[in-house]
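**Student:** heads up, no residue letters with this:
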């Protein structure tokens, strides 16, 4: 529905649409500007009061004979603020108002003037809890989209950096920023992503990036290995943009979604580049090796215990020191679920109690569970290593993917002995090898297809580029 030149009619429709008389935070004020009646609509708590006050002060000095004939001329002459728009459609004006933009109606004008003097409640750009580094920048993304784009702009001062705004969700109208570098991005992938977002028919992106990810890439949900890399670090997002990747920011989310992402992209961390090449290479190779150990350590130990004759003499120390009261397989499986239970409990525990309760839980599980006969000390040791090693890489998704594969390996090993162990290894390898990025390319490139120079870059941290001469 369009607006008319009658202020009373426009106000009545707008108030009815917004239920302004029932919603206490939707504020409207009738004012007089240049001898004409006007009305300001805004959402309390989402408007910069000092900016709005200055604009109103300017309005008070307008004389009736100086009032322009149309809204466009009025906005050019009398609104001393850069982000001004003219909207002729009521639904568009309502959406913008609910985003925090102030709407101004004037008698005699058939357009709504939108004044972007909004502000959002936000926290500080502190370092992410999960994505920490030993050296480097200490800022992180927050839940406000415009702050996140500014953190990237601060690092890439190049006109080729493009940030396109889109929205999705019939009820939420969630803002989505697509960031890329012109001339470096894969144009086909960019067009595909934008096309899929435009075709989304969802009520709301309730879970922010995860909702968007499942909408734009709904295939192969049964493969647990992540298709996207998520990061709360602006420096990581900026580096990926310069490499030609696409970064998607969703309003109300403090994480950037980076695509396309292979297994090597997800394993990489900022610390690899904040240290010299030899140290960065060591950190990267250590992370890869530890991730591999978290997958195969407990299943390999289980299959060796099931076949004690295959244990060489130099590995005799891995045998159980005491006879198990509960089969080792069930011990490992119980600990897999118990550790997740402790992790969930830690998340929901008040911060002041997290440390003492964690200590108590560690003592109970480590000391009394062994004495009670539920678990053997060797089982506790190997599961403790796997649990701690899971935190060697920042991706929660990759950590859970390795966990699911490990549990599958344990079940197959317990059921089919060596055959089950090797079958589980084959299934795990196939889950990685036959996986595809969102661009349809190999998940383990540059191994398949093989590219020697790229393989070196993936396994050995390359030197940073020198200054151009």
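**Tutor:** On my side now, so go ahead. Keep in mind that this is a model prediction, so the values were computed, not measured. Residues are numbered from 1 along each chain as shown.

**Student:** what's the next secondary structure element after the lengthiest helix in the chain?
**Tutor:** Determined from DSSP state H, the single longest helix within the chain is helix 396-433. Proceeding N to C from helix 396-433, the next assigned helix or strand is helix 452-459, under DSSP states H and E.

**Student:** looking at this, residue 248 is in a helix?
**Tutor:** No: remark: residue 248 does not belong to a helix; assigned using DSSP: H, G, I helix; E, B strand; the rest coil, it is strand.

**Student:** For stretch 401-413, buried residues please.
**Tutor:** The neighbour-count criterion (16 or more other CB atoms under 10 Å) identifies 401, 402, 403, 405, 406, 407, 408, 409, 410, 412, 413 as the buried residues of stretch 401-413. Just so you know, the C-beta spots here come from the backbone N, C-alpha and C atoms, and that holds for glycine as well.

**Student:** okay, now residue 241: neighbour count?
**Tutor:** Other residues near residue 241 come to 26 when the count uses other CB atoms under 10 Å.

**Student:** list the contacts for it?
**Tutor:** With contacts defined as CB atoms under 8 Å, 6 or more residues apart in numbering, residue 241 is in contact with 152, 156, 161, 179, 180, 181, 247.

**Student:** among the residues you listed, which are in helices?
**Tutor:** If you go by DSSP H, the contacts of residue 241 have residue 152 in helices.

**Student:** Kindly indicate which of the contacts of residue 241 lies nearest residue 311.
**Tutor:** Closest to residue 311 out of those is residue 247 (49.4 Å), distances taken as CB to CB.

**Student:** Now that closest one. Nearest residue, chain neighbours left out?
**Tutor:** The spatially closest residue to residue 247, leaving aside those adjacent along the chain, is residue 179, at 4.3 Å (CB to CB, 6 or more residues apart in numbering).

**Student:** again, but for residue 109
**Tutor:** For residue 109, the spatially nearest residue (CB to CB, 6+ apart) is residue 71, at 4.1 Å.

**Student:** Against residue 249, how distant is the spatially most central residue of the chain?
**Tutor:** To find the centre residue of the chain, average its C-alpha atoms and take the closest one (CA atoms, centre = their mean): that gives residue 255, at 3.1 Å. Distance from residue 255 to residue 249, counting by CB to CB, to the nearest Å: 9 Å.

**Student:** Find residues that contact each of those two.
**Tutor:** Contact criterion CB under 8 Å, 6+ apart; residues bridging residue 255 and residue 249 by contacting each: residue 141.

**Student:** Check residue 125 and give its pLDDT.
**Tutor:** Note on residue 125: pLDDT of 84.

**Student:** Angles on the backbone of it, please.
**Tutor:** Phi and psi for residue 125, reported as degrees, to the nearest 10, are phi -80, psi 60.

**Student:** For stretch 437-453, buried residues please.
**Tutor:** Neighbour-count burial for stretch 437-453, with 16+ other CB under 10 Å as criterion, is recorded at 437, 438, 439, 442, 443, 444, 445, 446, 447.

**Student:** ditto for stretch 215-226
**Tutor:** Along stretch 215-226, these residues count as buried under the neighbour rule (16+ other CB under 10 Å): 215, 216, 217, 223, 224, 225, 226.

**Student:** Mind listing residues that contact stretch 143-162?
**Tutor:** Contacts to stretch 143-162, defined as CB under 8 Å, 6+ apart, come from residues 120, 122-123, 125, 139, 141-142, 163, 175, 177, 179-184, 234-235, 237-238, 241-242, 247, 249-254, 256.

**Student:** Any of those buried? List them.
**Tutor:** Burial by neighbour count, 16+ other CB under 10 Å: within the contacts of stretch 143-162 this picks out 120, 125, 139, 141-142, 163, 175, 177, 179-181, 234-235, 237-238, 241, 247, 249-254, 256.

**Student:** I'd like to know which of the buried residues of stretch 215-226 are part of strands.
**Tutor:** Judged by DSSP state E, the subset of those located in strands is empty.

**Student:** circling back to that earlier point, let me have the buried residues of stretch 401-413 in CSV, extended by distance to residue 42 and pLDDT.
**Tutor:** Supplementary listing: those in CSV, determined by distance: CB to CB, whole Å; pLDDT from 0 to 100:
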residue, distance to residue 42, pLDDT
401, 46, 93
402, 49, 94
403, 48, 94
405, 52, 95
406, 54, 95
407, 53, 96
408, 55, 96
409, 58, 96
410, 58, 96
412, 61, 96
413, 63, 96
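
**Student:** now, among the residues you listed, which is nearest to residue 196?
**Tutor:** residue 401 (23.6 Å).

**Student:** low-scoring pLDDT stretches of this protein, where are they?
**Tutor:** By pLDDT under 70, the low-scoring segments of the chain are 82, 219-220, 351-366, 368, 465-469.

**Student:** please redo it, this time with the cut-off set to 80
**Tutor:** Segments of the chain classed as low confidence (criterion: pLDDT under 80) are 1, 80-82, 121-122, 129-130, 218-222, 342, 345-373, 463-469.

**Student:** With respect to residue 54, which of the contacts of residue 241 is nearest?
**Tutor:** For residue 54, the nearest member of the contacts of residue 241 is residue 152. The distance, counting by CB to CB, is 29.8 Å.

**Student:** Tell me how many other residues crowd that closest one.
**Tutor:** By other CB under 10 Å, 21 other residues sit near residue 152.

**Student:** Equivalent analysis for residue 214, please.
**Tutor:** Neighbours around residue 214, by other CB under 10 Å: 13.
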